[in-house]
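Asks: Curious how this folds, go ahead:
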Amino acid sequence: MSESKAVVVNGFGGANELTMTTVDRPSAGPSELVVATAGAGLNPVDWKTRAGGGISGMVPGFPFVLGWDVSGTVAEVGPGVVDFAVGDPVYGMANFPLPAGAYAEHVLAPAVHFAKAPTGIGLVEAGAVPLAALTAWQALFDFGRIEAGTRVLVHAAAGGVGHFAVQLAAWAGAEVVGTASARNHEWLRGLGCSEVVDYTAGDFAEKTGEVDLVVDGVGGEVFDRSLDVLRPGGAIVTLPSPGDFGPARERGFRADWVFVHPDRHQLERIAALIDEGRVAPHIERVFAFDEVADAHRLGEQGHVRGKLLLDLTR
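Replies: As a prediction, the model looks like this:
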């Protein structure tokens, strides 16, 4: 069996637990693909899980390979797969929340977790899209049921999920209000925000006005304060681990947690929007594969605009 390079986590802890090694190259079983990785997006769940939080309860043992976002070319097609052929450019969020091992030169996952990669951006860049864009889509459309004229408040609007949520909501005709530090205001207006509130300069609830939907990428007190800006019958969806939804529901609001799941049809819709120039990932920094620990350290600081990305083609 041939080998493949991968970055493994040797134990829960700091970024120094990430180590480059070689593993057996996976083989495709029924309804599966093996993808030769070009780009692997990094997400907060990656470093939270590495540190022992996130979805670390899903980890089968050590060492294990982190990562869920992947783009690349199909290297092997399993029996029963008819939608893809060897050499096809694809992107997807593999296996989430089960381990997927996207920090590797070859990734094995069900074929239904992938879609044809968008052509409006590079194949490496497509690796920055799936988890964050799917989360935003499912928050806005599956839960939020937004339509033209819906007024949406997006917290952490300059982050990975947030900047996709702004673009998708604006595409749908919603009125988008974002919270972000001052350095990101002009950029977010360019993405589709009609208003941007500086969360560092006082209480956002005194500045946003009433909204129909809150997409909360922060949690805690921000979730609690957001209830005060919801219109009667409004809805709030949170991205961090859920807290107590009781107070929100007692006030007549719909409240829930978005736990992102793979969805090929949504990936196809997102790819089409990227190809039309309606949506694009913003990538603050691209790291070489052997720089993954540095990428985690930067991500953990919590001030990344858009996404961080591993380029496995370097």
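
Asks: Next, work out how far apart the residue positioned nearest the centre of the chain and G190 are.
Replies: By C-alpha atoms, centre = their mean, the chain has its centre lying nearest to A132, at 1.8 Å. According to C-beta to C-beta, to the nearest Å, A132 stands 18 Å off from G190. The C-beta positions use only the backbone N, C-alpha and C, and glycine is treated the same way.

Asks: give the contact list for E195.
Replies: The contact partners of E195, by C-beta atoms under 8 Å, 6 or more residues apart in numbering, come to V176, V177, G178, T208.

Asks: now these as TSV including pLDDT and secondary structure?
Replies: Listed next are the contacts of E195 as TSV, based on pLDDT from 0 to 100; DSSP: H, G, I helix; E, B strand; the rest coil:
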residue	pLDDT	secondary structure
V176	98	strand
V177	98	strand
G178	97	strand
T208	90	coil
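
Asks: Most neighbours among these, which one is it?
Replies: If you count neighbours using other C-beta atoms under 10 Å, the busiest of the contacts of E195 is G178, which has 30 neighbours.

Asks: V197 is in contact with that one, correct?
Replies: Yes - G178 lies in contact with V197 (C-beta atoms under 8 Å); the separation is 7.2 Å.

Asks: Got the phi and psi for the nearest residue to V81 once chain neighbours are set aside?
Replies: Leaving out its chain neighbours, the residue that sits closest to V81 by C-beta to C-beta, 6 or more residues apart in numbering is A111, at 4.6 Å. Main-chain dihedrals, A111, degrees, to the nearest 10: phi -60, psi -30.

Asks: How about the one 3 residues further on?
Replies: Phi and psi for F114, reported as degrees, to the nearest 10, are phi -120, psi 160.

Asks: What residues does the residue nearest to the centre of the chain make contact with?
Replies: Per C-beta under 8 Å, 6+ apart, neighbours of A132: G41, N43, G160, V161, F164, P281, K307.

Asks: Let's see that with 7 Å instead.
Replies: Neighbouring residues of A132 by C-beta atoms under 7 Å, 6 or more residues apart in numbering: N43, G160, V161, F164, K307.

Asks: Could you identify which of the residues you listed has the most neighbours?
Replies: Result: G160 is most packed of these (other C-beta under 10 Å), 32 neighbours.

Asks: Flag every buried residue along stretch 168-176.
Replies: Buried residues in stretch 168-176, counting neighbours by 16 or more other C-beta atoms under 10 Å, are found at L168, A169, A170, A172, A174, E175, V176.

Asks: Repeat that for stretch 135-146.
Replies: For stretch 135-146, a neighbour-count test (16+ other C-beta under 10 Å) marks T135, A136, W137, Q138, A139, L140, F141, F143, G144, I146 as buried.

Asks: I'd say the second one and V166 touch.
Replies: To tie it back to what came earlier, the one meant is A136. No - assessed by C-beta atoms under 7 Å, A136 is found out of contact with V166, at 8.5 Å.

Asks: In which helix or strand does the nearest residue to K207 once chain neighbours are set aside reside?
Replies: Of all residues not flanking K207 in the chain, V197 sits nearest, at 4.8 Å (C-beta to C-beta, 6+ apart). Assigned by DSSP states H and E, V197 falls within strand 195-198.

Asks: Name every strand pairing with that strand and say which way it goes.
Replies: strand 175-180 (parallel) (DSSP bridges).

Asks: Is P281 in a helix, a strand, or coil?
Replies: coil (DSSP: H, G, I helix; E, B strand; the rest coil).

Asks: where exactly do the strands run in the stretch 151-300 of the chain?
Replies: 151-154, 175-180, 195-198, 211-216, 230-238, 254-257, 283-288 (DSSP state E, counting those that start in this stretch).

Asks: which one of these has the most crowded surroundings?
Replies: strand 151-154 (a mean of 28; mean count of other C-beta atoms under 10 Å).

Asks: Give me the distance between that strand and the centre of its chain.
Replies: Distance of strand 151-154 from the chain centroid (C-alpha atoms, centre = their mean, to the nearest Å) equals 18 Å.

Asks: partner strands of it, parallel or antiparallel?
Replies: Strand 151-154 has these strand partners (DSSP bridges): strand 175-180 (parallel), strand 211-216 (parallel).

Asks: Tabulate those strands (JSON lines), appending distance to T37.
Replies: Listed next are these as JSON lines, based on distance: least, C-beta to C-beta, whole Å:
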{"stretch": "strand 175-180", "distance to T37": "31"}
{"stretch": "strand 211-216", "distance to T37": "30"}
